[in-house]
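>>> okay, sequence plus prediction incoming.
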Amino acid sequence: MSETKTTEAAADEPNIRIVEDATCTFCGCVCDDMELTVDLDANRITKAKNACVLGRAWFLQHGIEDHPQAMIEGREVPLEEAMDEAARILHEAKFPITYGLSDSPCEAQRVAVAINDLVRGNIDTTTSVCHGPSGIAFQGVGESTATLGEVKNRADLVIYWGGNPAESHPRHFTRYTVTPKGRYIPNGKKDRYVVLIDIRKTPSSPVADQSIRVKPGRDFELLWALRALVRGRDISPDIEEITGVSRETLDELVERMKNCNFGVLFFGMGLTMTRGRHFNSGALLALATDLNKHTHFVAKPVRGHGNVTGADNVVSWQTGYPFGVNFHRGYPRFNPGEYTTVDLLARGDADAAMMIATDPASNFPKRAIENLKKIPVISLDAKPTYTSRAARVAFMVATYGINTGGTVYRMDDVPITLRPAFDSPFPTDEEVLTGIYTRLKALRVNGRKKAA
Amino acid sequence: MAENSAELRIKGGKVYDPANGIDGEVRDILVRDGRVVDKVSEKARTINAHGMVVMPGGVDIHCHIAGPKVNLSRKLQPEDHRLDVHPGTDVTRSGVGGVTPSTFATGYRYATLGYTTAFDAAVPPLAARHVIEEFHDTPVIDKGFYVLLGNNMFLYDLLKQGRKQDFKEAIAWWVTAARAAGVKLVNAGSDEFWKGRRNENVTDVNEDIDPFDLSPLQATAAFIEAVDELNLPHPAHIHCNNLGHSGNVQTTLDTMKAAEGHRAHIAHVQFHSYAGELGKRVQTGSEAIIDYINTHENITTDVGMVMFGKATAMTADAPLTWMLRFKDTKWVNADTECESGCGVMPFTYQDTNYTHTMQWAIGLELFLLSKDPWRVMFSTDHPNGASFQTYPRLIRLLMDRGFRAEMMKHVNQKAISTCLLPQLDREYSLSEIAIITRAAPARALGLVNKGHLGVGADADITVYTDDENREHMFNAPRYVIKAGKPIIEDHEFVDDHIGRFLHTEPEHDPAIEDQIRPFFEDYYSIRFNNYRVDASYLHDHEVIPLRNSGGKRKKGSK
């Protein structure tokens, strides 16, 4: 277990525990400087020092619900029985799929991939509906990137494209990229120039020294024009009409980018999930790379879920591909659009599904949800969801980062060990998945014996 | 865990165990509880090795097999995986191959070459956890890594301030905190040029690294001395400045001279043995380099050979990868705060190309001119010079001058006509191969129970069919035994094995943490308390003893 540093409070309040340097897994910032005050009698966190508004809600609203550990068809069953049933479903299915994973620690993600290798299933993560296009773009052009501490220490030009971190990642500006003082940025924000490129004004806008408004759906054109200008090529005289940004603004931005000491481009789903998708991500990554002919320049997708970056890493090291991986032939194959979950479900390919820490029944396209309803679903989640309520087998698992340890990867691939605040009566997702894996192995051995 | 209590008698094989002076003698190797022993019971299972070659399992002293840079390379090259799938079996996991295989395929493919131990040569401490997590999914082989400290900002601050003792303590702390097996320097001083001066690079080992008021050579010398004085099992593992540049022979010689009086390991020296003028055609500088190494016992090296075909540039030397980039090839740069740079780029060595042919030839020349196989070891700097999957072919090139001559006909003739290679007719013996691929790396790493088959050694054993075509022979061992457990029998996987994590723990004054902590809170983006890799990551592990501890091994404890 992690060497959690805790302080027991004074004797008259014996059941208060302080957890220092705990990690918030609510978003991809994965801030590891939380100081949690835990009321061990009430199983509640009463104070989360250093947390942002989202982090506070994540910690303070977390309680241990009165809920069965495991249910089959809505009926409470012993954990073992539910694991038996889950294994049977996956064993008997011809095309089992697993999806989610971005709110589980790496230890659980590793077992989830192992299960799919064993049953020749299909594994996919929420990356396929957020920064999947950036993963595809990466395969095409690569990426110049950096850890967030490098941005803090060196970046004098910070550009955000298609994102609103003030609301989605509230501490991105304050802990890593804009306000903090760094080794070569002694005055913090005063030493940096911040540009926000988006289709509208957002609560992030006040942070920026300059906001550039691009016409909706015209990000690619704007990026391509910037690439051309950085390379000294001419661009269409109609650029303002096409993108909504004047030639003058573009020229000024290009000069700024070429002449900074250390520039960074952060980008969000406003770029990856709008018209152009992986072309947009690819254009942005290529722009950052091109700029390295003039100065040091990096780019970084701003990732959403607490451990979506861990999921990318685990699936990549075990299979060679970041998401949308199919084991049907006994080895991993990758084909986004074919092996990505929305597409698999919409086509009705899958005949069983395991959903881990995700709620597709509430947010997938209608046709995918309809098909999901027709097949047996196994759900692992820390809270009841639409998916878990409709699932054949539903496990209620402990919440990572609050009740369980493990490893998560911050959006810049930095791995961090979790320090749980208090115990949970629920099993961890790693325990449940390991139980299913062990049963599947036994089923396979028995199956072979029978066949012989 | 994972050690087998079963007994084995590997009977009648020709044993090559140079560390114990055994050169092809026919004898039995006995195994119990994962170790080589001098006696087994009647019940011991017999493996008939008559006519076969028995060697200790291979030890790779320098490769890149785990962690962020390797995973970036995997993500970057789906085209490479698709053409080389790795199906699972009843006992093994599936994966993909290519130049940077998935973790499982990496472990299994090392095993299918007869290798049972490998060390990743470049890990930023901030990524140590990631590497160890991947190691858990890299089966069969034992593994460890060298931690990148050669561009560490805090350590450079200490050097600038002349705090030599603190510098040494801090190195010891970092090795222990990251759970490393050694210390790695990569292009010392270059990070500040790359990240802070618009992608420049160190060109002269004596130039000033602003703002630290010292030169790359001074920094390198300080690390060499400190690591030696700390008695780490493996000396400072050095990727010299100016890698890949024509005329870098002088830099390499300067670096080795700076190590006088101390042990030092020069990594992938082939890439640092280039004569000629900067910016002009590469010429062979192998003689000057190997002459120095032959006459200086404090130096060990691995050659970092090149083999034609697909490779991947993967290095903490970010400016190097940028220099190699041409025609807008896909390229990855990844800066790690306060610690390191990193570059990754697909790369193909072509036999028609002058420079690539020269690199291929220089690697062979260094080996053929080496006088001490115990100090000049085998590597391709996988996947930089070539994939580890090319080892059998490279071994054949060293052992078979006819094969070498044949291959020389098909490479760039302009290059080959200017090198020494055509005049060298030495052939490596099996015993010498056993030294450069097993015994010597184990000794250089301080692994007293690896690289040999004496009583007490780890029962990591490879049995090859004795085939005149050494490429065929080393490509497919008949048996591979890991920790006393048969993993490959008759060329098929019969079992799986997790493998052990190897690291070292130099002592340090705990007060050094009070010096490091404030730097952390100022310039890192994670908390000091969350930096050290805790014991939960170690699983089955072993602490490599320090050099002054009498070589007694310490079984890992949590």
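Ah, there it is. Numbering: from 1, shown residues only, chains lettered A, B, ... in the order given.
>>> what is the neighbour count of residue 32?
No chain was given, so I picked chain A. When neighbours are defined as other CB atoms under 10 Å in any protein chain shown, residue A:32 has 25 of them. (C-beta placed from N, C-alpha, C; glycine too.)
>>> you looked at the wrong chain, it should be chain B
Using other CB under 10 Å, residue B:32 has 20 neighbouring residues.
>>> which pLDDT value goes with the residue lying closest to it once chain neighbours are set aside?
Take residue B:32 and drop its neighbours on the chain: the residue closest to it by CB to CB, 6 or more residues apart in numbering or on different chains is residue B:7, 4.8 Å away. pLDDT recorded at residue B:7 is 96.
>>> residue B:7 touches residue B:42, doesn't it?
No. Contact criterion CB atoms under 8 Å: residue B:7 and residue B:42 do not qualify, at 9.4 Å.
>>> can you pull up the bridge partners for residue B:120?
residue B:63, residue B:145 (DSSP bridges).
>>> all helices of the stretch 101-250 of chain B, in order?
For the stretch 101-250 of chain B, applying DSSP state H, counting those that start in this stretch gives helices covering B:103-111, B:128-136, B:153-160, B:164-178, B:190-196, B:216-229, B:249-258.
>>> look up the closest residue to residue A:115, ignoring the ones flanking it.
Closest residue to residue A:115 apart from its sequence neighbours, by CB to CB, 6+ apart: residue A:437 at 5.2 Å.
>>> quick one, what contacts that neighbour?
A:111, A:114-115, A:118 (CB atoms under 8 Å, 6 or more residues apart in numbering or on different chains).
>>> pLDDT and neighbour count for these - can I get that in a markdown table?
Listed next are the contacts of residue A:437 as a markdown table, based on pLDDT from 0 to 100; neighbours: other CB atoms under 10 Å in any protein chain shown:
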| residue | pLDDT | neighbour count |
| --- | --- | --- |
| A:111 | 98 | 22 |
| A:114 | 98 | 20 |
| A:115 | 98 | 23 |
| A:118 | 97 | 20 |
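>>> most proximal residue of the stretch 151-300 of chain A with respect to chain B?
Here the stretch 151-300 of chain A gets closest to chain B at one residue, residue A:295, 4.5 Å apart by CB to the nearest CB.
>>> so that residue makes contact with residue A:258?
Yes. When contacts are counted by CB under 8 Å, residue A:295 is listed as touching residue A:258 (6.4 Å).
>>> which secondary element of chain A has the worst mean pLDDT?
Ranked by mean pLDDT, DSSP states H and E, the weakest helix or strand in chain A is strand A:6-8, scoring a mean of 55.
>>> quickly check: the following helix or strand past that strand near chain B or not.
Sequence order places strand A:16-22 as the next helix or strand after strand A:6-8, per DSSP states H and E. Yes. Using CB under 8 Å from any CB of the partner chain, strand A:16-22 comes into contact with chain B via A:20-21.
>>> what angle do the helix or strand just after strand A:16-22 and strand A:16-22 make?
Scanning forward in sequence from strand A:16-22 by DSSP H and E, the next helix or strand is strand A:34-39. Counting by axes from the mean of the first three to the mean of the last three CA atoms, to 10 degrees, strand A:34-39 lies at 160 degrees to strand A:16-22.
>>> can you list the buried residues in strand A:34-39?
Neighbour counts over strand A:34-39 (16 or more other CB atoms under 10 Å in any protein chain shown) mark A:34, A:36-38 as buried.
>>> what is the nearest of those residues to residue A:99?
Nearest to residue A:99 among the buried residues of strand A:34-39 is residue A:34, at 29.0 Å by CB to CB.
>>> which residue, other than its chain neighbours, is closest to that closest one?
residue A:22 (4.1 Å).
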